[in-house]
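Structure, please.
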Amino acid sequence: MEIMLLLEKGLWAGFAALGFAILFNVPPRTLFAIWLIGALGGLAKFSLLVYDVNIIMASFAGATLIGILSIPLAHKIHSPPLIFSIPAVIPMVPGAYAYRMMLNLINIAIDSGPKDNLVADMFQNGMNVAFILLAISVGVAVPMLITRKDSAKRIRIKL
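Alright, predicted model coming up:
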């Protein structure tokens, strides 16, 4: 049953990536590939979370997978790798942590009582947001930076 739940989360991560791709007006020939790598990246992240991997490392692994897969797809479909990687990675952005951080910030401004727990929660959520965003950006960028001097034709990944 857990495998079905993971597959469902991966499926919906792919659809979220597809929605952002349509929003960004990418070429129609790239839509299936964006859905696929968004689903695979989301599946990788959620699978690692099931095995109690930290959310920062799980996000890094999912973003790295997206970055790696976008390079051969870019060559195969004749579009820049960013066309594939950016819409696919956007669903990994930690909106819930950012929301909780802002709620704590608002409660600090409104409450007149002790604020120790609110401040601690605000900083914890804020640090989670910062490190997850850093992990996502590094995970997407590093595969492209490593392979930018090589031609995608020489990378031996069969799709």
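
Tell me where the protein has helices.
Per DSSP state H, the chain carries helices over the ranges 2-23, 31-50, 55-77, 81-89, 95-110, 116-146.

Quick check: which of these is buried the most?
helix 81-89 (a mean of 24; mean count of other Cβ atoms under 10 Å). No exception for glycine: its C-beta is placed from N, CA and C like everyone else's.

How far does that one sit from its chain's centre?
In terms of Cα atoms, centre = their mean, to the nearest Å, the centre of helix 81-89 is found 10 Å from the chain centre.

repeat for stretch 120-132
Centre-to-centre, stretch 120-132 and its host chain are 17 Å apart (Cα atoms, centre = their mean).

Show residues contacting it.
55-56, 59, 92-94, 97-98, 100-101, 104-105, 108 (Cβ atoms under 8 Å, 6 or more residues apart in numbering).

please redo it, this time with the cut-off set to 6 Å
Residues from elsewhere that reach stretch 120-132, judged by Cβ atoms under 6 Å, 6 or more residues apart in numbering: Ile56, Ser59, Pro94, Tyr97, Ala98, Arg100, Met101, Asn104, Leu105.

Rounded mean pLDDT for that stretch, please.
Stretch 120-132 carries an average pLDDT of 96.

nearest residue to Leu69 other than its sequence neighbours?
Ile37 (4.6 Å; Cβ to Cβ, 6 or more residues apart in numbering).

do Asn107 as well
Leu118 (5.4 Å).

cool, and Ala135?
Phe60 (3.8 Å).

Gly139 is in contact with the one you found, correct?
Yes: with contacts counted by Cβ atoms under 6 Å, Phe60 reaches Gly139, the gap being 4.6 Å.
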